[in-house]
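Engineer: Here is my input; please provide its structure:
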Amino acid sequence: MTATLITNIGELTTNVGSPEDRFGTLHDAAVLIEGDRIAWVGAASEAPALPGGYVEMDAEGCAVIPGFVDSHSHIVFGGDRAAEFEARMAGERYAAGGIRSTVVATRDAGDDELRARLRGFVDEMLAQGTTTVEIKSGYGLDVATEERLVRLAAEVTPEVTFLGAHVVPAEYADRGDEYVDLVIGDMLDACAPHAKWIDAFCETGAFTVRQTRRVLEAGIARGLQPRVHASQLGPGDGVRLAIELGAASVDHGTYLTDEDVPALAASDTVLTALPGVEFSTRHPFPDARRLIDAGVTVAIACDTNPGSSFTSSMPFCIALAVREMGMTTAEAVWAATAGGAAALRRDDIGVIAPGKRADLVLLDAPTRVHLAYRPGVPLVKRVWKDGVAVT
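Structural biologist: Got it, this is the predicted structure:
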């Protein structure tokens, strides 16, 4: 079994909290990796003596954090929407309908083209420290293409979400209920074998609460776990529906009501903030300080997609969360690691502790604060995924 001892870590963020430090911060630390798991964590001076055959790496006083867990992405698609972005920057308002242009390009793309782009995005994310990614469908909106998207996504991650209820496609204009019938019938039959999650966009211009309930309950009946897009473009009842149905995560939450916040705090549903969206759409950033202080579990994800957030950089999203959402850097890093794991209901990632997956990021910086302090600077020096150094 391959073993690696990372020593001389200036600041180690374990996310194994205590009353004194909920982020589990250690200084002058070391981590032992054996195979694909963490075997030992502690002070560098107390690192175990190991026999020959292991690799020792000197972190040279730099910081180590858990690998980022990106719990919301849409990275199987064709085409791009750069012209739409440029129009928004010139003053046009974002609306959900732009998704349909990506649907056309995605339906026209072959498997090989979609697979190559998908793997390119995964590699791009990995180079920036993301070791786990959730991937949604939603740019096919017909049975054959949605099946292709979840099947291709399953080639690169176990965290696959069927999002046939993204928007109503053009051929079903003004016939939303009929389209929902397709989603929960033939489309779900084709996609469920490749997916773990079921999602729906509960929003003006997409799906009503009643339609969203039909989609989620059908997916639950097929063994898929629910998550929901809600309150991105305005307040609504999608957050309450997500909580009622036991959704792992409700994503966006840009326009939460005063009733939504305590309801989330009393539930085990994670609020996944997507600051890249607000950057791109010019909608207001969610108030993460309000959420955290109320006891809501908050995750951060990139929402990589061609329309509303075409970034794959978790460090960039962390910087936005600190600058615009009222989070400390430690809180933002927790949200991008342990918070993302909670949004995927995983306890084997997002932390650095014995028995957990050996997904780690070495920063070219002495502390995690530099992720927000030096925005846009490529600070990811090395990444380990399942115990293997991949960058």
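Engineer: now the helix or strand harbouring residue 323, how far from the centre of its chain.
Structural biologist: For residue 323, the element it lies in under DSSP states H and E is helix 314-324. Centre-to-centre, helix 314-324 and its host chain are 14 Å apart (CA atoms, centre = their mean, to the nearest Å).
Engineer: Give me the residue ranges of the stretch 51-200 of the chain where confidence is low.
Structural biologist: Confidence mapping of the stretch 51-200 of the chain against pLDDT under 70 gives the ranges 94-97.
Engineer: what ranges do the strands span in it?
Structural biologist: With strands called from DSSP state E, counting those that start in this stretch, the stretch 51-200 of the chain shows them at 54-58, 63-66, 68-70, 130-133, 135-136, 160-165, 197-202.
Engineer: any idea which of these is most buried?
Structural biologist: Sort the strands of the stretch 51-200 of the chain by mean neighbour count, taking mean count of other CB atoms under 10 Å, and strand 68-70 sits at the top with a mean of 31. C-beta: built from backbone N, CA, C; applies to glycine.
Engineer: rewinding a little: list the buried residues of the helix holding residue 323.
Structural biologist: Across helix 314-324, burial judged by 16 or more other CB atoms under 10 Å covers 314-322, 324.
Engineer: re the thing from before, mind putting the strands of the stretch 51-200 of the chain into TSV with distance to residue 382?
Structural biologist: Shown next, in TSV, are the strands of the stretch 51-200 of the chain (distance: least, CB to CB, whole Å):
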stretch	distance to residue 382
strand 54-58	8
strand 63-66	9
strand 68-70	14
strand 130-133	12
strand 135-136	24
strand 160-165	28
strand 197-202	31
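Engineer: Could you say which one of these comes nearest to residue 347?
Structural biologist: Within these, the stretch nearest residue 347 is strand 68-70; the backing value is 11.5 Å (CB to CB).
Engineer: give me the beta-bridge partners of residue 382?
Structural biologist: As for beta bridges, residue 382 partners with residue 362 under DSSP bridges.
Engineer: coming back round to it: check which helices and strands the following helix or strand past the helix holding residue 323 sits against.
Structural biologist: For helix 314-324, the following helix or strand on the C-terminal side (DSSP H and E) is helix 329-336. Counting contacts by 3 or more CB pairs under 8 Å, 6 or more residues apart in numbering; DSSP states H and E, helix 329-336 packs against strand 68-70, helix 288-294, strand 298-300, helix 314-324, helix 370-373.
Engineer: Quick one: those as a markdown table, columns for distance to residue 175 too.
Structural biologist: Listed next are the helices and strands packed on helix 329-336 as a markdown table, based on distance: least, CB to CB, whole Å:
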| stretch | distance to residue 175 |
| --- | --- |
| strand 68-70 | 34 |
| helix 288-294 | 37 |
| strand 298-300 | 35 |
| helix 314-324 | 37 |
| helix 370-373 | 46 |
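Engineer: Indicate which one of the ones you listed is closest to residue 282.
Structural biologist: Among the helices and strands packed on helix 329-336, the nearest to residue 282 by CB to CB is helix 314-324 (11.7 Å).
Engineer: so that closest one versus helix 329-336, what angle?
Structural biologist: Relative orientation of helix 314-324 versus helix 329-336 (axes from the mean of the first three to the mean of the last three CA atoms, to 10 degrees): 130 degrees.
Engineer: Mind listing residues that contact helix 314-324?
Structural biologist: Contact with helix 314-324 is made by 68, 70, 125, 128-130, 273-276, 278-279, 285, 288, 300-302, 311, 327-329, 331-333, 335-336, 371-372, 375-376, 379-380, as judged by CB atoms under 8 Å, 6 or more residues apart in numbering.
Engineer: same question, stretch 167-183
Structural biologist: 96-97, 99-100, 103, 141-143, 164-165, 201, 205-208, 211, 214-215, 218.
Engineer: Kindly recompute the last result at 7 Å.
Structural biologist: For stretch 167-183, the surrounding residues in contact (CB atoms under 7 Å, 6 or more residues apart in numbering) are 96-97, 99-100, 103, 141, 164-165, 201, 206-207, 211, 214-215.
Engineer: Before I go, just wanted to say thanks for your time.
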